[in-house]
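Peer 1: build me a structure from this.
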Amino acid sequence: MKTQDHMTKHQSDAPNIANPYSLPLESIDPSQRVLFQHDAHWSYFDRLRTEDPVHYTPQSEFGPFWSITRYADIKYVDTHHALFSSKGGVTLGGNEADFQLPMFIAMDPPEHDEQRKVVAPVTGPRNLALLESQIRDRVVKILDSLPRGEEFNWVQHLSVELTTQMLATLFDFPFEDRYKLTHWSDVATLPPGPDGPVQTPEQRRSELLECLEYFSDLWKERARKSAPGNDLISILAQGPSTRDMKPMELLGNVLLLIVGGNDTTRNSLTGGVLALNQHPDEYQKLRDNPSHIPNMVSEVIRWQTPVAHMCRRATTDVELGGKKISKGEVVCMWFVSGNRDSEVFLNPNELRIDRPNARSHLSFGFGIHRCMGNRLGEMQVRIVWEELLKRFHKVEQTGEPTRVPSSFIRGYSELPVRVIPR
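Peer 2: Down below sits the predicted model:
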């Protein structure tokens, strides 16, 4: 059985964070943002997986919800969309009553399938083959421009820069404005407040409506073209099941594609550097044998779990793990917990770049909502590490990371590093 020994070093420094083993089981709320901001959530999920894997939280910042924390139960929920619906929002607290943003990830068949199949070819094998050389060219330019002999923020210089350039390509978005995409992604996923990109809910809405206005102009321009381009906006604007989307549905789907194309890759690129610095023997194993890179990419995405959770709503009374979930109740699949389930992954808190079942991770989900851009994300991370190993002996972490205050995105705003050439 797990004990409080699995408290992280950050947890003892974090404000007002209780040891979960000191709390009554029924009072545990794993959705607290402060847990994720201080990397203090692990022992909470350890206890829930062991003692109460289908756990009810009656009161939280996001209202009442069920936590699903074991790998097998998460997979069951995610692959039974008739029992667990995506309608009404797929994140805790992501459904403001007076600011609805419909998107195909928050739909069930057949609407979901019709909209998804319109954009799916953009990240299909044929298009990925065309994108690979372009991604490599950009990675090379970014790596060759990194500061030498001084500390810098890896998140901003590499992770954000590469993913923002990629998003601009996928949307055929004006390159000089590409940092707007990263900003809108942060506005959409992080809470208003002093640690976030906006201060108030009103500012958040204003900036998201600015995003809608920008994309509406691009939409109108591309809808008029007789020959559709191969970018996401052209495809949506001319797709039979997407061309008549109302403004808020357009905004919802654009934000879905921005976040999906940004956060997973961006935070896996940072998480990989952090993980290898925490596991120096694995870093040496990688240097000795770069053929581990493809498997290491999957292992980093498991270890990092960039999207911590997704939610569903029960369509009927259903029993799971010996608990009765009532129709209409929110069910939260904690991917971040399932990816550390020792029933599936041996020594799950360790990074093992040659882990045999690394590709079995939950980070991309399962079933009809499995991440559409998973291969594109993997390809970007793979190319970065192929080119990194050619240039640098090590990307050395020089200080503690700054994590974002979110229980949805497991992300970073800063990771101080310096690069040590070969």
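Peer 1: which stretches of the stretch 251-400 of the chain form helices?
Peer 2: For the stretch 251-400 of the chain, the helices defined by DSSP state H, counting those that start in this stretch occupy 280-288, 293-304, 335-338, 374-391.
Peer 1: tell me who's in contact with the residue nearest to Ile353 when sequence neighbours are not counted.
Peer 2: Nearest residue to Ile353, sequence neighbours excluded (CB to CB, 6 or more residues apart in numbering): Met296, at 3.9 Å. Every residue, glycine included, has its C-beta placed from N, CA and C. When contacts are counted by CB atoms under 8 Å, 6 or more residues apart in numbering, Met296 touches 272, 286, 353-354, 358, 385.
Peer 1: quick one on the thing from earlier: looking at the helices of the stretch 251-400 of the chain, which is closest to Arg33?
Peer 2: helix 335-338 (13.3 Å; CB to CB).
Peer 1: that older thread, of the contacts of Met296, keep whichever come out buried.
Peer 2: Among the contacts of Met296, those scoring as buried are 272, 286, 353, 358, 385 (criterion: 16 or more other CB atoms under 10 Å).
Peer 1: CSV for these, including distance to Ala314 and pLDDT?
Peer 2: CSV is the format used below for these (distance: CB to CB, whole Å; pLDDT from 0 to 100):
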residue, distance to Ala314, pLDDT
Gly272, 36, 97
Leu286, 43, 98
Ile353, 39, 98
Ala358, 31, 97
Trp385, 41, 97
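Peer 1: ok, those vs Thr315, which is closest?
Peer 2: Nearest member of the buried ones among the contacts of Met296 to Thr315, counting by CB to CB, is Ala358, at 33.1 Å.
Peer 1: surely the closest one meets Pro294?
Peer 2: No. In this structure, Ala358 is not within contact of Pro294 by CB atoms under 8 Å, at 9.6 Å.
Peer 1: quick revisit: and the residue nearest to Ile353, what pLDDT?
Peer 2: We have a pLDDT of 98 for Met296.
Peer 1: any idea how far Ser85 is from it?
Peer 2: Met296 sits 36 Å away from Ser85, going by CB to CB, to the nearest Å.
Peer 1: just Glu51 next, same as before
Peer 2: 28 Å.
Peer 1: quick one, which of the two is more surrounded?
Peer 2: Using other CB atoms under 10 Å as the criterion, Glu51 and Ser85 rank with Ser85 on top: 18 against 14.
Peer 1: beta-bridge partners for the nearest residue to Gly399 once chain neighbours are set aside, please?
Peer 2: Distances taken as CB to CB, 6+ apart put Pro416 closest to Gly399, at 3.8 Å, once the chain neighbours are dropped. As for beta bridges, Pro416 partners with Asn153 under DSSP bridges.
Peer 1: and Pro416, what is it in contact with?
Peer 2: By CB under 8 Å, 6+ apart, the neighbours of Pro416 are 151-154, 397-400.
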